[in-house]
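Asks: heads up, no residue letters with this:
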């Protein structure tokens, strides 16, 4: 890991800030001892905590601001009035090259608006996407978009595939990542026009930085048969909230079942070891840290109600992405992708110009040998491209 990794922290964002931020750093510094941190927040509230955790104080630089974005602030208000807030200053430190990533448990809408305004979109990407991981029997599965874009076109879905692949490689170590496009069925005829067009384009790509495995259905999200699942933000958010609800329902049913009788309580005692393993695998804190992909900088959103363990995991995600130089690699992939798309468009434009020239100059009859030769050449070229 690079010795120069610096993470900017919005120390005032979240339901339990700044306590969880300082305690989260105290947990993660053991795993990443070379990481350093910029703390943006109220010095009066942060200084006593840093005295309580001297190990954290040694690896942190405190930058004072008494302004913080509230959970009820609208994104537009945050942009106008929050220029000196802890969230905005942390984001700006990434823009200015002082930090490699920003982590915040604050207002999601404000974070997205500020990050998009300050860091700007990466060239070749139209919209940012929120990505996170789901547990599966084979490890974890990346899924995006989880709510940043309610409606998407085929261009967005193709771009999400590239971003998700880079995220899976950086955080999960999947090389090459396997990509699946979420659909109502695996057959090529199923799905709406947007999904089908995106699928056709992904399938036709030459040497992409991932392996496209076609359409996948919703049950694959937790199976782990692909590394990245791509979908629009509406579908992804519904799937995320449904999964969270199922886990809560399962936990409630299990708790009620073990409390239903004396024998059930004895059964719990006998199976407690296995249940603890299950609890760890389904602990949402272990998967905390949704990443806003597509920006010229790394932005990690922690759940607002998480504790220090969850916040530490969000910091860990940020460190892994910085260590992997994910932004540099993503830009390189999109530069190559744009070049390929431009070449394809230029070829198509040349074909159109040739067709128009043939038609405009066509004083000859359709049986004219020159016209037939031109048409044959264009047809052959099209077959070669396919």
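Replies: Perfect, thanks for sending it. It should be emphasised that the depicted structure is a prediction, and the values quoted were computed from it without experimental measurement. Numbers count the residues shown, from 1 in each chain.

Asks: Using the three-state scheme, assign the residue nearest the centre of the chain.
Replies: In the chain, the centroid-proximal residue (Cα atoms, centre = their mean) is residue 131; its distance is 2.5 Å. Assigned with DSSP: H, G, I helix; E, B strand; the rest coil, residue 131 falls in the strand class.

Asks: wait, what's in contact with it?
Replies: Residues in contact with residue 131, defined by Cβ atoms under 8 Å, 6 or more residues apart in numbering, are 142-146, 163-164, 167, 290-291, 293. In short, each C-beta sits where N, CA and C put it, glycine included.

Asks: By mean pLDDT, which helix or strand of this protein comes out lowest?
Replies: The least trusted helix or strand in the chain, going by mean pLDDT, DSSP states H and E, turns out to be helix 369-385, with a mean of 34.

Asks: neighbours around residue 120, how many?
Replies: Other residues within reach of residue 120, judged by other Cβ atoms under 10 Å, total 12.

Asks: In space, what's closest to it - neighbours in sequence excluded?
Replies: Leaving aside its sequence neighbours, residue 120 sits nearest to residue 296 (Cβ to Cβ, 6 or more residues apart in numbering; 5.3 Å).

Asks: Residue 143 too?
Replies: Excluding its sequence neighbours, the residue lying closest to residue 143 (Cβ to Cβ, 6+ apart) is residue 229, at 4.6 Å.

Asks: Please report how far that neighbour lies from residue 150.
Replies: Residue 229 sits 18 Å away from residue 150, going by Cβ to Cβ, to the nearest Å.

Asks: Have a look at the two and say which one is more surrounded.
Replies: Neighbour tally, residue 229 and residue 150, criterion other Cβ under 10 Å: the higher count belongs to residue 229, 26 against 11.

Asks: what's near enough to touch that one?
Replies: 141-144, 164, 180-182, 216, 220-221.

Asks: Among these, which ones are in helices?
Replies: When the contacts of residue 229 are checked against helices (DSSP state H), the matches are residue 164.

Asks: one step back: any idea how far the residue nearest to the centre of the chain is from residue 63?
Replies: Using Cβ to Cβ, residue 131 is found at 28 Å from residue 63.

Asks: before we move on, what about residue 39?
Replies: On the measure of Cβ to Cβ, residue 39 and residue 63 end up 7 Å apart.

Asks: per the record, what domains does this structure have?
Replies: Residue ranges for the domains of the chain, per automatic domain parsing: 1-125+294-344, 131-286.

Asks: Most tightly packed of those domains?
Replies: Sort those by mean neighbour count, taking mean count of other Cβ atoms under 10 Å, and domain 1-125+294-344 sits at the top with a mean of 20.

Asks: Please compute how far that one lies from its chain's middle.
Replies: Here the centre of domain 1-125+294-344 is set off from its chain's centre by 14 Å, with Cα atoms, centre = their mean, to the nearest Å.

Asks: cool, stretch 165-175 as well?
Replies: Chain-centre distance of stretch 165-175: 11 Å, with Cα atoms, centre = their mean.

Asks: do the same with stretch 274-289
Replies: With Cα atoms, centre = their mean as the basis, stretch 274-289 stands 20 Å off its chain's centre.

Asks: Ok, stretch 158-165 next?
Replies: Chain-centre distance of stretch 158-165: 9 Å, with Cα atoms, centre = their mean.

Asks: hmm, who's touching that stretch?
Replies: With contact meaning Cβ under 8 Å, 6+ apart, stretch 158-165 is reached by 124-127, 129, 131, 142-145, 152, 176-177, 179, 181, 198, 201-202, 208-210, 212, 227-230, 293-294, 330, 333-334, 337.

Asks: let's go with 6 Å and repeat that
Replies: Here stretch 158-165 makes contact (Cβ atoms under 6 Å, 6 or more residues apart in numbering) with 125, 129, 131, 142, 144, 177, 179, 198, 201-202, 209-210, 228, 230, 293-294, 333.

Asks: measure the closest residue to residue 182 other than its chain neighbours to residue 109 for me?
Replies: Among residues not flanking residue 182 along the chain, residue 231 sits closest, at 3.9 Å (Cβ to Cβ, 6+ apart). Distance, residue 231 to residue 109, by Cβ to Cβ: 21 Å.

Asks: swap in residue 141?
Replies: 26 Å.

Asks: again with residue 148
Replies: From residue 148 to residue 109 the distance is 10 Å (Cβ to Cβ).

Asks: Can you list the neighbours in contact with the helix or strand where residue 263 lies?
Replies: Per DSSP states H and E: residue 263 is located in helix 262-282. Residues outside helix 262-282 that contact it (Cβ under 6 Å, 6+ apart) are 135, 247, 258.

Asks: what do you get for stretch 56-67?
Replies: 22, 25-26, 36-40, 42-43, 46, 50, 84-86, 89.

Asks: can you do 7 Å?
Replies: With Cβ atoms under 7 Å, 6 or more residues apart in numbering as the test, stretch 56-67 has contacts from 22, 25-26, 29, 36-43, 46, 50, 82, 84-86, 89.

Asks: try stretch 4-13
Replies: With contact meaning Cβ under 7 Å, 6+ apart, stretch 4-13 is reached by 17-18, 21, 34-42, 46, 68-69, 86-87, 90, 93-94, 98-106, 315, 318-319, 322-323.

Asks: Do you have the strands of the stretch 51-200 of the chain handy? List them.
Replies: Here the stretch 51-200 of the chain has its strands, by DSSP state E, counting those that start in this stretch, at 60-64, 101-104, 129-136, 139-144, 178-182.
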